[in-house]
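Whatever this is, show me its structure:
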Amino acid sequence: MTEDEEPQGPYSPLRSNRRAAAVAIKGGESNPDSLPKIIASGRGKLAEQILELALAKGVKVREDADLAELLVKLDLDTPIPGEAIVAVAEILARVYEANARMKPA
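Now for the predicted structure:
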């Protein structure tokens with residue numbers, strides 16, 4: 001997938017030699033100066049449940065195995081670390097753009 005393409009379904013939790021991983025992040029909508037935080041993460045069955053819930057709620061999903069592996073190691077409610085902030089910012093920017101397109105004018 002190129003940088004300009006929207007990810008297409010069906011999705012599955014990210015897999016590698018390790019168990020499947022999924023991470024949910026939330027940006028600081030109420031405080032734009034705050035860093036995005038991890039609100040859910042898990043491996044295996046929990047990763048599948050996180051992904052199913054996200055898709056059922058219409059949450060935009062992005063597949064990035066390296067980023068998921070980095071973030072799944074962090075505790076919940078942890079701000080995104082500096083080495084991942086650029087990737088997370090790009091994902092959140094796309095999500096916000098997609099959400100803005102979906103709102104009625």
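
burial count for G82?
By other Cβ atoms under 10 Å, the residues close to G82 number 8. All C-beta spots, glycine's among them, are computed from the backbone N, C-alpha and C.

Would you check how far apart it and V88 are?
Distance, G82 to V88, using Cβ to Cβ, to the nearest Å: 11 Å.

And D66, by the same measure?
Taking Cβ to Cβ, one finds D66 at 12 Å from V88.

Have a look at those two and say which one is more surrounded.
When D66 and V88 are compared for neighbours, V88 comes out ahead with 22 against 11, by other Cβ under 10 Å.

which other helices and strands contact the particular helix or strand that has D66 in it?
Here D66 sits within helix 65-71, counting by DSSP states H and E. Counting contacts by 3 or more Cβ pairs under 8 Å, 6 or more residues apart in numbering; DSSP states H and E, helix 65-71 packs against strand 21-26, helix 82-102.

So which of these is the most surrounded?
Greatest average neighbour count among the helices and strands packed on helix 65-71 goes to strand 21-26 (a mean of 21), per mean count of other Cβ atoms under 10 Å.

Can you name the residues that contact the residue nearest the centre of the chain?
For the chain, A24 is the residue whose C-alpha lies nearest the centre (Cα atoms, centre = their mean; 4.8 Å). Counting by Cβ atoms under 8 Å, 6 or more residues apart in numbering, A24 touches I38, I39, A40, S41, I50, A54, V59.

who does it bridge with?
Beta-bridge partners of A24, counted by DSSP bridges, are A40.

can you tell me how far it sits from R101?
21 Å.

next one: I38
Distance from I38 to R101, by Cβ to Cβ: 26 Å.

one step back: now the helix holding D66: buried residues?
L67, A68, L70, L71 (16 or more other Cβ atoms under 10 Å).

out of those, who's nearest R94?
R94 lies nearest to L67 out of those, by Cβ to Cβ, at 13.6 Å.

Am I right that that closest one is in contact with V86?
No. Contact criterion Cβ atoms under 8 Å: L67 and V86 do not qualify, at 10.2 Å.
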